[in-house]
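1. The sequence and its predicted three-dimensional model are supplied below.
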Amino acid sequence: MTMYSLLFMRFAWMVQPRNYLLFACHFTNEGCQLMQGYRFINWHHMGGKEKAEAAALTPIPQLE
């Protein structure tokens, strides 16, 4: 999806007249795809899963 959005962002910019709406849609999609990619890498390869499991096992202090 990331490459698809980049490709169509270029297409929307190069056609005459420029298609700003198509460019904006693919620009937004590109940002979302990059964020999802970062979240995937963080969870699976940078220890996010282990941090979440450790936080789930920590007891929550009770207020008295």
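-> Okay, I see it. Numbers count the residues shown, from 1 in each chain.
2. Following element in sequence after the helix ranked longest in the chain, please.
-> With secondary structure taken from DSSP state H, the chain has its longest helix at helix 20-45. For helix 20-45, the succeeding helix or strand toward the C-terminus, using DSSP states H and E, is helix 48-57.
3. Okay, angle between that following helix and helix 20-45 too, please.
-> 70 degrees (axes from the mean of the first three to the mean of the last three Cα atoms, to 10 degrees).
4. which stretches of this structure have low pLDDT?
-> Applying pLDDT under 70 to the chain picks out residues 64.
5. Find the centremost residue of it, please.
-> Met35 (1.7 Å; Cα atoms, centre = their mean).
6. Using the neighbour-count criterion, name the buried positions in the longest helix of the chain.
-> Using 16 or more other Cβ atoms under 10 Å as the test for burial, helix 20-45 gives 23, 26-27, 29-30, 33. Backbone N, C-alpha and C define where each C-beta goes, glycine included.
7. Distance to Ala52 added to those residues, as TSV?
-> Shown next, in TSV, are the buried residues of helix 20-45 (distance: Cβ to Cβ, whole Å):
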residue	distance to Ala52
Phe23	37
His26	32
Phe27	31
Asn29	27
Glu30	27
Gln33	23
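8. how far away is Glu53 from Trp43?
-> 11 Å (Cβ to Cβ, to the nearest Å).
9. Just give me the neighbour total for Thr2.
-> 13 (other Cβ atoms under 10 Å).
10. ok, now how distant is the closest residue to it other than its chain neighbours from Ala55?
-> Nearest residue to Thr2, sequence neighbours excluded (Cβ to Cβ, 6 or more residues apart in numbering): Gln33, at 4.6 Å. From Gln33 across to Ala55, the span is 27 Å (Cβ to Cβ).
11. which residues touch the residue lying closest to Asn29 once chain neighbours are set aside?
-> Take Asn29 and drop its neighbours on the chain: the residue closest to it by Cβ to Cβ, 6+ apart is Ser5, 4.6 Å away. Ser5 makes contact with 26-27, 29-30, 33, according to Cβ atoms under 8 Å, 6 or more residues apart in numbering.
12. Save those residues as JSON lines, and put in distance to Ala12 too.
-> Below are the contacts of Ser5 laid out as JSON lines (distance: Cβ to Cβ, whole Å):
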{"residue": "His26", "distance to Ala12": "6"}
{"residue": "Phe27", "distance to Ala12": "9"}
{"residue": "Asn29", "distance to Ala12": "12"}
{"residue": "Glu30", "distance to Ala12": "12"}
{"residue": "Gln33", "distance to Ala12": "16"}
